[in-house]
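**Q** How does the following fold in three dimensions:
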Amino acid sequence: MPSPGSEQPRRLPSEASDLERPYHTKRPHKKSRAGCQQCKKRKVKCDEKRPTCKACRLRREKCVYPSATASTAVAEVVNDSRLEISSPSPSSQSPSGSSQQALSNALSPGAMVISEPMFRPAEMGDSLDMRMLWFYTTTGFQYFSIQTGRSAVVDHILQVKVVEHAFRSPFLMDCLMAVSAMHLQTWKQPVPVQRAAAYGCKAFQGYRDAIERAYRPDFPALIPASLLMIAMSSQMFREPDAKPLYIIDWMQMWRGIGVIVELISPAVLHESGMAVLFYRPPVDLKKAAMCIPSNLMSMVSSIGPGDADNGYQKIYSDMLKYLGSLYQEMKEHGFNSIFNLRIITFFTFIPKDFMPLAKEHRPRALVILGHYLCFAKLIQDVWWMEGIADRQIEQICEQVGEEWQHLLRVPQMVLKASDRREIAQLLLENRSWTPTEKDPREADRDPRLITEFGLFDNEGNRLSLSHGRWKEIHTKVNNDQNFTIAGE
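**A** This is a model prediction of the structure:
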């Protein structure tokens, strides 16, 4: 570009006449997202005729259109969440003790033989990109698995396979860059603010476009990307100007994972090896219902004719049963890896019909979310789960009004607590409760990680691939699906 004082080159007559001509964009037509896969792959306009478009007919190629139902549903989930990507504000909390130790280990000179990859793939723009990828592969991946350091399979998927898919699907690489930038900023490490924001914007846009394209080769990358987007979207909880009751938008993002699973065929999920990322412990709905606090059971059983929630009693009951599984786990096993996973994956169990009730800010829905947030406060070693509870509980208490405050007595007390044992005692309403003491060397070797950890549906049935479809395998978890809360 010439400097301000430099002489401008003279234009030829033909150039002058070109400038007088009206300018037309290269795409005067409306861009369509409903074209076939072959036209999208070749980046040409598709006439969208079915069953075979003109281009595929002329080229004698198989014309395949994306599944409109599934891809549109996921896009609606992403758009409706109104996700905002931003860099952590200066007020973001400092790293916890365990996080600080992990940071020290990751950044110490003796942590590894080499401090960064010995090569730079063509997809990497500069040294900052390489630093973000290196951080994910050495440290960041550990915060997306409760079994890190104990399961070579899970570690390999997160540390190697996810990165391999990222080099094939750029939107996943953008997600890795964005998550690493946020993670490092949470640990007070220097990352250019503009670059961090750019990573986030590119990741979100790329993820949304990939969903709308529904391009089969990208399906394996959509699986880890959906999990990384959850971590990225959690940053809004820690922003001073975050949207009130953002927990509802975040819950919508979790719902999107389920729609991604519906979009991707069981065979693709199984063959990609990514199914392990969706492993979760089963729920025993009958036992869980027995652990629901009595005041919450009364809140639902009291719904009758004329009540604004009349007709929604079963939806609330189902939500309480899933909430009860958190109480049950803590009562029976104390603090452990599976308990943490139950808390983190709680929103993957929610009935889809609960979402509209939460969006309408119905008091019963908000009361249930307020109690879940108390459990979320117990997660203190996962950076993207930190700092999500207190402000949301305060906003719920303000929203529901005086009439419902008695049902939020426990969340209000949890607001003032920070010790995990004290929070658990408040939730269980048992000041003498203490977690089961375990040998530190055995604390993360719960045998249930092997026997009761896998792909389970919302009723506790293990799922197995059979003839390209998921098949229920009834396990020892004997759920009585007709078990109801009194008055339901």
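
**Q** Now stretch 326-344: buried residues?
**A** Judged by neighbour count (16 or more other Cβ atoms under 10 Å), stretch 326-344 contains these buried residues: 326-330, 333-344. Every C-beta, even on glycine, is put in place using the N, C-alpha and C of the backbone.

**Q** which ones among those are found in helices?
**A** Among the buried residues of stretch 326-344, the ones falling in helices (DSSP state H) are 326-330, 333, 337-344.

**Q** Identify the residues contacting the residue nearest the centre of the chain.
**A** Note on the chain: the residue nearest the mean C-alpha position is residue 230, at 2.6 Å, using Cα atoms, centre = their mean. Going by Cβ atoms under 8 Å, 6 or more residues apart in numbering, residue 230 touches 250, 253, 254, 257, 384.

**Q** Kindly report the same for residue 431.
**A** Shown in contact with residue 431 (Cβ under 8 Å, 6+ apart): residue 425.

**Q** ok, the residue lying closest to residue 401 once chain neighbours are set aside to residue 286 distance?
**A** Distances taken as Cβ to Cβ, 6 or more residues apart in numbering place residue 363 nearest to residue 401, at 7.3 Å, with adjacent residues excluded. According to Cβ to Cβ, to the nearest Å, residue 363 stands 27 Å off from residue 286.

**Q** which residue sits closest to residue 248, ignoring its sequence neighbours?
**A** When the adjacent residues along the chain are set aside, residue 248 lies closest to residue 358, with 4.9 Å between them (Cβ to Cβ, 6+ apart).

**Q** Next, that neighbour: phi, psi?
**A** Backbone torsions of residue 358, given as degrees, to the nearest 10, read phi -70, psi -40.

**Q** Please report the distance of it from residue 316.
**A** According to Cβ to Cβ, residue 358 and residue 316 sit 11 Å apart.

**Q** Between these two, which is the more surrounded one?
**A** residue 316 (25 against 21; other Cβ atoms under 10 Å).

**Q** Under the pLDDT cut-off, which ranges of the protein? List them.
**A** By pLDDT under 70, the low-scoring segments of the chain are 1-33, 67-125, 146-151, 437-458, 460-470, 474-488.

**Q** Between the two ends of stretch 141-160, what distance do you get?
**A** Length of stretch 141-160, first residue to last, Cα to Cα, to the nearest Å: 10 Å.

**Q** Could you list the residues in contact with that stretch?
**A** By Cβ under 8 Å, 6+ apart, stretch 141-160 touches 102, 137, 162, 183, 224, 227-228, 231, 273-274, 276-277, 337-338, 340-341, 382-384, 444-445, 449.

**Q** List the residues that are in contact with both of residue 358 and residue 316.
**A** Taking Cβ under 8 Å, 6+ apart as the contact rule, residue 358 and residue 316 both touch residue 365.

**Q** What segments of the protein are strands?
**A** Along the chain, the segments classed as strands by DSSP state E run 462-466, 469-473.

**Q** I only care about the contacts of stretch 141-160 that end up buried; give me the ChimeraX line for that.
**A** Buried members of those, defined by 16+ other Cβ under 10 Å, are picked up in ChimeraX with:
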select :102,137,162,183,224,227,228,231,273,274,276,277,337,338,340,341,382,383,384,449
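
**Q** excluding its backbone neighbours, what's nearest residue 347?
**A** Residue 347 sits nearest to residue 254 (Cβ to Cβ, 6+ apart), 3.5 Å away.

**Q** make that residue 195, sorry
**A** Excluding the flanking residues, the one nearest residue 195 by Cβ to Cβ, 6+ apart is residue 128, at 6.2 Å.

**Q** give me every residue that touches that neighbour.
**A** 191, 192, 195.

**Q** And those, which is closest to residue 296?
**A** Set against residue 296, the nearest of the contacts of residue 128 by Cβ to Cβ is residue 191 (42.4 Å).

**Q** Now do the residue nearest to residue 248 against residue 268, distance only.
**A** Residue 358 is 31 Å from residue 268, by Cβ to Cβ.

**Q** Then residue 280?
**A** Using Cβ to Cβ, residue 280 is found at 20 Å from residue 268.

**Q** Would you check that residue 420 makes contact with residue 380?
**A** Yes: Residue 420 lies in contact with residue 380 (Cβ atoms under 8 Å); the separation is 6.9 Å.

**Q** Quick one: the helices in the stretch 201-350 of the chain, in order.
**A** Per DSSP state H, counting those that start in this stretch, the stretch 201-350 of the chain carries helices over the ranges 219-233, 246-263, 266-272, 285-290, 294-301, 313-333, 337-344.

**Q** Equivalent analysis for the stretch 51-200 of the chain, please.
**A** For the stretch 51-200 of the chain, the helices defined by DSSP H, counting those that start in this stretch cover 54-59, 68-80, 97-107, 127-138, 152-156, 162-168, 170-186, 193-213.

**Q** what about the ones you listed, which gets the closest to residue 408?
**A** Using Cβ to Cβ, the nearest of the helices of the stretch 51-200 of the chain to residue 408 is helix 68-80, at 26.8 Å.

**Q** buried residues in stretch 183-200?
**A** Those would be 183, 184, 185, 186, 187, 191, 195, 196, 198, 199, 200, for stretch 183-200 by 16+ other Cβ under 10 Å.
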